[in-house]
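**Q** Structure for this input, please:
(chains A, B, C and D)
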Protein chains: 2
Amino acid sequence: MMMVRKSKGIGERHQKILGFIASYQRERKHPPSIREIGEACDISSTSVVNYYLDQLEKANLLQRDRKISRGTRLTGDNNPLGDMLRVPLMGVIQAGEPILVPSESPFTPEDSVEIAMSMMPSREKGKDLFALQVQGDSMIDAMVNDGDIVILKPAQDARNGEMVAIWLDERSETTLKYYYKEKEGYRLQPANPAFKPIMIKKTEAIQIKGKVVMVIRKMERQAA
Amino acid sequence: MMMVRKSKGIGERHQKILGFIASYQRERKHPPSIREIGEACDISSTSVVNYYLDQLEKANLLQRDRKISRGTRLTGDNNPLGDMLRVPLMGVIQAGEPILVPSESPFTPEDSVEIAMSMMPSREKGKDLFALQVQGDSMIDAMVNDGDIVILKPAQDARNGEMVAIWLDERSETTLKYYYKEKEGYRLQPANPAFKPIMIKKTEAIQIKGKVVMVIRKMERQAA
DNA sequence: CTTGACACAGAACAGGCGTTCGAGTATCAT
DNA sequence: ATGATACTCGAACGCCTGTTCTGTGTCAAG
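**A** Model (predicted):
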């Protein structure tokens, strides 16, 4: 009977086991049992699987909850599963139309976007985030492109330097700007330094709709 | 003995179970057993847990792998765990310096960014993606801001309309542009329509480093 | 009051599953 | 050769776990 004898370190067998655990977990959403690993990797004895699992644990490639059924989990980098936030995509945001924040909007989010917890800024991990898809080029001064997805956190006011989604009554449009409260009123600063800030007098009515938490742009191929 | 009698539908008990499974899964990376659920939710009998679990399954809030240990998993929207891609953050990209694609770069990625599989465009779900953090304002014509994270896929050539990271020998700089091959040479189109395209003659040397797959901007508070 | 759906407890069963142990085989350095 | 090391097998032990069955108290409808 041929045995591989790969000296020390991680061999082909180890790799196969790691791969199987990953794909199993991806499909079934729970770890495989020792016997399932054995079956998938052509190992006829549970003790052999255990043997390899121990090595993989020593190599810091996975962790085991001893004595617990299906207690193997891949360590950080290999683990395909992680905490994510599901943010409802509530519709579109475009110039000339007010945006709908979740409480005002009547419709169920058809779709949603998934964001890794680890990617969320500050500790904005609240459950009340929502997402909007930008339509049109009206937000280019905010460095936000047509098709971009903006993640928002509902808010009625903001602190200086935060980017907010704001509704301007006088202009009848929604815009994304950095917000600064000043003596005379408000200064709304575009993200793109090539554009000048908008000064708003205290007398004008503005409505902060939410803080921009994140912007995501998927690059599909572009026309023309 | 008081019993809640919440008529039909999902009651407080159901909610508690759902919450427990979610947090358990988040912490331990595998589903809880029936007995563990019972203990956490003050249910003294496994049969009662089973009873609720069946209801929750009928309500389509979770799925059960019958006969399998720890075979309960939350359905889509409730499931905090999902497939994600771990993309190594290989360093920074800035004007005036060539970017390092993984094969060329000697250093291990100190950090990495996690992207939900569901967010990946086209079927760019390859394992060879890498990420770079933009430093400086030199990419504003590509609608990419200082601090943004760009996800790249290594490539030596591109199709028309794809956004690429490209090294221009003559200018000694890296830039992000939409790529178009034309008769005379190449047209590199900025994402921002306010900027003019760069025309490159065939005689000039260009090196495509990768295709831009995604751009992510985390909005922390901004200075000034 | 009876009836039946509903919520719950407890116990017992059977199979799932991790663990352990004894033993065997191949490869390699000495 | 010989022992050390790496690897494999099969079986058995015993806890873990899902399942099932019987029984009890509560509450609303008939």
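**Q** between the helix or strand where residue A:209 lies and strand B:206-218, how big is the angle?
**A** Residue A:209 belongs to strand A:206-218 when assigned by DSSP states H and E. Angle, strand A:206-218 to strand B:206-218, by axes from the mean of the first three to the mean of the last three C-alpha atoms, to 10 degrees: 140 degrees.
**Q** and the residue of chain A nearest DNA strand D?
**A** residue A:47 (3.0 Å; C-beta to the nearest atom of the strand). (C-beta placed from N, C-alpha, C; glycine too.)
**Q** rewinding a little: just checking, what packs against the strand holding residue A:209?
**A** Applying 3 or more C-beta pairs under 8 Å, 6 or more residues apart in numbering or on different chains; DSSP states H and E, one finds that strand A:206-218 contacts strand A:149-154, strand A:162-168, strand A:173-181, strand B:206-218.
**Q** Tell me how far the residue positioned nearest the centre of chain A lies from chain B.
**A** Central residue of chain A (C-alpha atoms, centre = their mean): residue A:115, 1.4 Å from the mean position. According to C-beta to the nearest C-beta, to the nearest Å, residue A:115 and chain B sit 7 Å apart.
**Q** how far does stretch A:32-50 sit from the chain's center?
**A** Computed by C-alpha atoms, centre = their mean, to the nearest Å, the chain-centroid distance of stretch A:32-50 equals 35 Å.
**Q** Return that stretch as CSV; C-alpha atoms alone will do.
**A** Extracted C-alpha coordinates of stretch A:32-50, given in CSV (Å, rounded to 0.1, in the frame of the first residue of the first chain):
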residue,chain,number,x,y,z
PRO,A,32,-19.1,18.1,8.8
SER,A,33,-18.7,15.2,11.2
ILE,A,34,-15.5,13.2,11.4
ARG,A,35,-17.1,10.3,9.5
GLU,A,36,-18.3,12.6,6.7
ILE,A,37,-14.8,13.9,6.3
GLY,A,38,-13.4,10.4,6.1
GLU,A,39,-15.9,9.3,3.5
ALA,A,40,-15.3,12.4,1.3
CYS,A,41,-11.5,12.1,1.6
ASP,A,42,-11.3,8.4,1.2
ILE,A,43,-10.2,7.7,4.7
SER,A,44,-11.7,4.6,6.0
SER,A,45,-11.2,5.1,9.7
THR,A,46,-12.4,7.8,11.9
SER,A,47,-9.2,7.7,13.9
VAL,A,48,-7.2,8.6,10.8
VAL,A,49,-9.4,11.6,10.3
ASN,A,50,-9.0,12.5,13.9
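**Q** Tell me which strands the helix or strand bottoming out on mean pLDDT in chain A pairs with, and in which orientation.
**A** When the helices and strands of chain A are scored by mean pLDDT, DSSP states H and E, strand A:81-93 comes last with a mean of 88. Sheet pairing for strand A:81-93, assigned by DSSP bridges, gives strand A:111-116 (antiparallel), strand A:130-134 (parallel), strand B:81-93 (antiparallel).
**Q** And chain A, split by domain according to the record?
**A** Following automatic domain parsing, one finds the domains of chain A at A:12-78, A:84-216.
**Q** Nearest to DNA strand C, out of those?
**A** Of all the domains of chain A, domain A:12-78 comes closest under C-beta to the nearest atom of the strand, at 3.1 Å.
**Q** Check the separation of the first and last residues in that closest one.
**A** 16 Å (C-alpha to C-alpha, to the nearest Å).
**Q** repeat for stretch A:94-113
**A** The straight-line separation of the ends of stretch A:94-113 (C-alpha to C-alpha) is 19 Å.
**Q** Show residues contacting it.
**A** By C-beta atoms under 8 Å, 6 or more residues apart in numbering or on different chains, the residues outside stretch A:94-113 that reach it are A:86-91, A:93, A:128, A:130-132, A:134-136, A:138-139, A:149, A:151-152, A:154, A:165, A:167, A:172-175, A:209-210, A:216, B:77, B:116, B:118-119.
**Q** and the residues you listed, which are buried?
**A** A:86-91, A:93, A:130-132, A:134-135, A:138-139, A:149, A:151-152, A:154, A:165, A:167, A:174-175, A:209-210, A:216, B:116, B:119 (16 or more other C-beta atoms under 10 Å in any protein chain shown).
**Q** number of nearby residues for the residue lying closest to residue A:33 once chain neighbours are set aside?
**A** Excluding its sequence neighbours, the residue lying closest to residue A:33 (C-beta to C-beta, 6 or more residues apart in numbering or on different chains) is residue A:70, at 5.4 Å. Residue A:70: 22 surrounding residues under other C-beta atoms under 10 Å in any protein chain shown.
**Q** Same question for the one 3 residues further on.
**A** Neighbour count of residue A:73, defined by other C-beta under 10 Å: 20.
**Q** swap in the one 3 residues further on?
**A** Residues lying near residue A:76 (other C-beta under 10 Å) number 12.
**Q** Likewise for the one 3 residues further on?
**A** Residues lying near residue A:79 (other C-beta under 10 Å) number 18.
**Q** report the longest helix in chain A, please.
**A** Ranked by residue count, the top helix of chain A under DSSP state H comes out as helix A:12-28.
**Q** what would the helices and strands packed on strand A:206-218 look like in TSV with mean pLDDT and distance to residue A:204?
**A** Output for those, formatted as TSV (pLDDT from 0 to 100; distance: least, C-beta to C-beta, whole Å):
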stretch	mean pLDDT	distance to residue A:204
strand A:149-154	93	22
strand A:162-168	90	7
strand A:173-181	90	13
strand B:206-218	92	28
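**Q** could you dump those strands to a markdown table with distance to residue B:30?
**A** Output for the helices and strands packed on strand A:206-218, formatted as a markdown table (distance: least, C-beta to C-beta, whole Å):
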| stretch | distance to residue B:30 |
| --- | --- |
| strand A:149-154 | 29 |
| strand A:162-168 | 39 |
| strand A:173-181 | 41 |
| strand B:206-218 | 29 |
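**Q** out of those, nearest to residue B:36?
**A** Residue B:36 sits nearest to strand A:149-154 of all those, at 33.9 Å, using C-beta to C-beta.
**Q** then the closest one to CSV, C-alphas only?
**A** Taking C-alpha atoms only, strand A:149-154 is exported to CSV below (Å, rounded to 0.1, in the frame of the first residue of the first chain):
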residue,chain,number,x,y,z
ILE,A,149,-24.7,51.7,-3.8
VAL,A,150,-24.7,53.9,-0.7
ILE,A,151,-25.3,52.5,2.7
LEU,A,152,-27.1,54.9,5.0
LYS,A,153,-27.9,55.1,8.6
PRO,A,154,-31.1,57.0,9.4
